[in-house]
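*Asks:* pasting the sequence and the predicted model now:
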Amino acid sequence: MKFAKQLNLRSIPSWAPYYLDYRSLKQYIKTSFKEFAGPLGSLENLDHEGLEQSTRREEDHAVEPTVTIVDASESARTCMDADGASPTSAAHKLIVPTAVGAEQSQSPETAEGESNTDTASKASLKIIVEGFRALLWAELEKVNARYEAQERVASVNLERLNASVSIVWRSDLTVLILNLEYLLEFSQTNITGFKKIIKKFDKHYRNCPSSGQLSSSASSTHANNGQGSHESSNALTYPADTDAAGPLSMFSALGIHGRSTPTIYLPHSYPEPASSLHPQEPFIRNVHSPNTHSKSMFYHYYGGVSALSLEFWKMVTERTFAKSEKDERLLAEARTLWRKRTPVVPEHLSPLPLNVDSKDYPVWNDLDLDSLPSGRLTRLWVMLAEDAMSSPIKVPVIVAKGVRPGPVVGLTAALHGNELNGIPLTHRLVLQEIQCQALHGIVIAVPVANVPGYLAGQRGFSDGTDLNRLMPGKQNGSTSQVYAYNLMTKIIRHFTHLIDLHTASKGRVNSLYVRANMQYATTRHMARLQNPQIIVHNTSPDGSLRGAAMQEYHIPAITVEIGDPSRFQKRFAKSAILGVTNILSHLKMIEDDHEVQDYDPVVCAKSYWIFTKGGGILNVLPDVNTWVRKGELIATLHNIFGEEEHRYFAPEDGIVVGKSVDPVCQSGCRILHLGVVSDRFPEGKMDDGHQ
């Protein structure tokens with residue numbers, strides 16, 4: 001997926017000005033390298049993002065080769081710490097090319113027989129490289145300054161909180177832990193961004209014919225004796241090439257056979273380049289000019305990888321935000337401090353009888369958490385209604401109550417009676433993963449929320465209605481409305497956080513994804529901690545359990561879709577368990593054991609279902625959790641005689657969140673659930689039409 005569209009969604013809103021300006025760097029690359037794209041428009045193959053915008057800018061005005069002097073410390077100056085002091089003191093000037101045209105004057109050192117066009121291309125390429133280096137450096141300074149300032153403030157606050165206890169101690173420590181979690185997320189997001197932008201630059205750079213021809217006979221003198229005379233410390237020299245065009249061999253890349261290298265002079269305070277990957281012969285070297293106090297930077301290719309990109313990456317890895325582990329240590333210490341200082345609740349331990357039959361578990365009319373023993377796991381039934389035989393319709397509830405106070409996290413499964421993957425998740429979580437003696441707070445699991453639907457093996461309630469469209473129900477209403485009302489008032493209202501577990505409906509399959517209101521900070525963070533494949537911004541449909549919990553009781557709630565209906569899928573359930581324990585860990589209910597996924601979830605600003613216009617035999621082509629492009633064929637519809645009736649195409653770029661696998665199709669049947677990525681979340685209500 002396109003990182004530029006994800007960065008704003010992943011960014012912490014209050015820290016947004018301090019993230020790297022990925023869009024500007026990307027636009028610089030595309031604009032600067034446009035003249036090297038070639039007559040067939042190979043730039044489109046290199047990067048699809050923003051080509052239309054670049055072309056439009058090109059038509060508006062001719063791009064001329066200009067050089068602008070900018071202050072690299074300006075970006076860093078916005079990153080002052082809490083005391084107002086800038087973490088950086090860079091005050092020198094850098095040369096940044098604002099645009100590179102198709103024409104350049106011929107270098108006086110051009111070798112005999114070399115065309116003016118080749119010389120101009122190489123000169124342009126060198127200006128592009130140094131411009132990108134300067135912009136990258138400024139962005140690194142900005143990000144690093146913010147990181148170091150926040151790290152210092154957090155260290156001081158933790159030391160203060162560790163030394164004393166005040167009335168606001170608990171709230172201050174909670175804020176500190178949240179800021180440290182933000183700091184970790186801030187550093188990881190920026191590291192990913194710098195890695196991607198350097199890779200993007202290298203992809204364009206290596207595609208340029210002139211990039212393999214950069215050389216300088218003059219640089220040999222500097223490499224050998226460090227002598228030379230130059231007019232300015234910011235001077236750029238573009239000497240001639242002494243070898244044939246084409247990529248360098250490994251031996252040439254290592255400097256063997258005396259191949260010359262380009263000389264580029266930068267301020268003496270500029271960061272050192274990367275050291276060689278080769279232990280014997282360096283292929284990136286630097287010398288200092290005695291007359292200008294500047295450095296000569298040399299770069300080659302090695303094994304198809306630009307050593308220049310390695311140098312850029314070294315600029316990243318040398319910064320504090322990319323190499324420091326202090327933020328992780330501070331976060332661990334803060335969480336440990338929280339657990340040590342939280343007052344212990346007197347334990348009311350009572351032995352539990354062995355070999356208790358499930359029918360012997362107590363039936364309660366309401367869930368009374370205060371009467372439950374601390375440090376124990378309690379199983380019980382809560383009655384929500386009566387059937388026609390005057391027998392209670394009761395739901396199973398498992399309560400893990402810790403020995404210390406904390407949040408009350410509720411998990412509900414099988415609100416749709418045939419969506420079963422949440423059941424083994426609740427069992428494993430409360431029976432295996434949670435130790436009540438070490439738990440802060442309470443975890444409440446409702447393995448089956450829709451008991452009549454579960455017994456009938458159907459999605460809806462006994463009267464066929466969808467409970468997830470009736471919430472919060474009615475005290476005096478239909479059977480299903482009364483059931484929904486009692487579920488909300490007797491169980492859900494006790495929660496401080498809700499995780500509602502679902503799967504796809506019959507005839508459909510899902511990825512592991514989360515629906516959450518991403519404009520609400522708490523639910524946004526819960527969604528990320530869940531470690532799904534996809535996150536969909538969704539304000540919840542009318543009558544849903546998630547929406548009613550947030551509206552009626554102000555309970556932060558997310559919906560986790562775990563695979564397919566009417567089956568247990570261990571792989572999905574295991575991944576979802578890791579996400580739930582991440583949330584418990586974030587809430588400081590269990591020991592800090594965050595599990596980080598091997599991938600970043602795709603965050604969709606919106607999503608919607610695509611429906612058929614007619615009936616027949618439906619074949620949906622793309623798999624779940626795969627990308628489709630606008631105009632791509634996504635489904636075909638045949639009649640019962642085998643003739644193709646209709647083709648369906650993707651209306652826009654997006655990712656397949658879920659899809660239909662039932663070939664029997666009537667008019668208005670679902671085809672696939674398409675998630676769309678954008679750089680911001682839309683305002684107001686956002687519903688995917690999920691019914």
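*Replies:* Done, it's in.

*Asks:* could you give the mean pLDDT of stretch 664-677?
*Replies:* What stretch 664-677 shows for mean pLDDT is 93.

*Asks:* now that stretch: buried residues?
*Replies:* For stretch 664-677, the neighbour count (16 or more other CB atoms under 10 Å) marks 665, 669-677 as buried. Glycine gets a C-beta too; all of them are placed from N, C-alpha and C.

*Asks:* measure it end to end?
*Replies:* One end of stretch 664-677 sits 31 Å from the other (CA to CA, to the nearest Å).

*Asks:* inside helices: which ones of the buried residues of stretch 664-677?
*Replies:* Secondary structure from DSSP state H places none of the buried residues of stretch 664-677 in helices.

*Asks:* now distance to residue 650 too, for those, in JSON lines please.
*Replies:* Shown next, in JSON lines, are the buried residues of stretch 664-677 (distance: CB to CB, whole Å):
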{"residue": "665", "distance to residue 650": "18"}
{"residue": "669", "distance to residue 650": "17"}
{"residue": "670", "distance to residue 650": "15"}
{"residue": "671", "distance to residue 650": "10"}
{"residue": "672", "distance to residue 650": "9"}
{"residue": "673", "distance to residue 650": "12"}
{"residue": "674", "distance to residue 650": "7"}
{"residue": "675", "distance to residue 650": "12"}
{"residue": "676", "distance to residue 650": "10"}
{"residue": "677", "distance to residue 650": "13"}
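
*Asks:* now, which of the residues you listed sits nearest residue 652?
*Replies:* residue 676 (6.2 Å; CB to CB).

*Asks:* which residues does the closest one bridge with?
*Replies:* According to DSSP bridges, the partner residues bridging residue 676 are residue 606.

*Asks:* extract the C-alpha trace of stretch 632-644 and format it as CSV.
*Replies:* Below are the C-alpha coordinates for stretch 632-644, written out as CSV (Å, rounded to 0.1, in the frame of the first residue of the first chain):
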residue,chain,number,x,y,z
GLU,A,632,-9.8,-4.2,-12.3
LEU,A,633,-12.2,-7.1,-12.9
ILE,A,634,-13.4,-8.3,-9.5
ALA,A,635,-16.4,-10.6,-10.3
THR,A,636,-18.4,-12.3,-13.1
LEU,A,637,-22.0,-13.2,-13.1
HIS,A,638,-23.3,-16.1,-15.3
ASN,A,639,-26.9,-17.2,-15.9
ILE,A,640,-28.0,-20.8,-15.2
PHE,A,641,-27.2,-21.7,-18.8
GLY,A,642,-23.6,-20.8,-18.4
GLU,A,643,-23.7,-17.5,-20.4
GLU,A,644,-21.9,-14.5,-18.9
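
*Asks:* give me the contacts around it.
*Replies:* 610, 612, 614, 616-622, 628, 645-650, 665, 671-672 (CB atoms under 8 Å, 6 or more residues apart in numbering).

*Asks:* among the residues you listed, the buried ones, what's the PyMOL command?
*Replies:* Restricted to buried positions by 16+ other CB under 10 Å, the PyMOL selection for the contacts of stretch 632-644 reads:
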select buried, resi 610+612+616+618+619+620+621+622+628+648+650+665+671+672
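
*Asks:* among the contacts of stretch 632-644, name the ones in strands.
*Replies:* Among those, the residues falling in strands (DSSP state E) are 610, 616-620, 628, 645-649, 665, 671-672.

*Asks:* distance of the nearest residue to residue 569 once chain neighbours are set aside from residue 608?
*Replies:* Nearest non-adjacent residue to residue 569, counting by CB to CB, 6 or more residues apart in numbering: residue 563, 4.4 Å away. Counting by CB to CB, to the nearest Å, the gap from residue 563 to residue 608 is 21 Å.

*Asks:* compare these two (neighbour count), which wins?
*Replies:* residue 563 (26 against 19; other CB atoms under 10 Å).

*Asks:* surely the more buried one is in contact with residue 505?
*Replies:* No - with contact defined as CB atoms under 8 Å, residue 563 does not reach residue 505; the gap is 11.9 Å.

*Asks:* shared neighbours, the two?
*Replies:* With CB under 8 Å, 6+ apart, residue 563 and residue 505 have no common neighbours.

*Asks:* give the buried residues for the helix or strand encompassing residue 335.
*Replies:* Counting by DSSP states H and E, the element that carries residue 335 is helix 326-341. Neighbour counts using 16+ other CB under 10 Å place 327, 330-331, 334-335, 337-339 of helix 326-341 among the buried residues.
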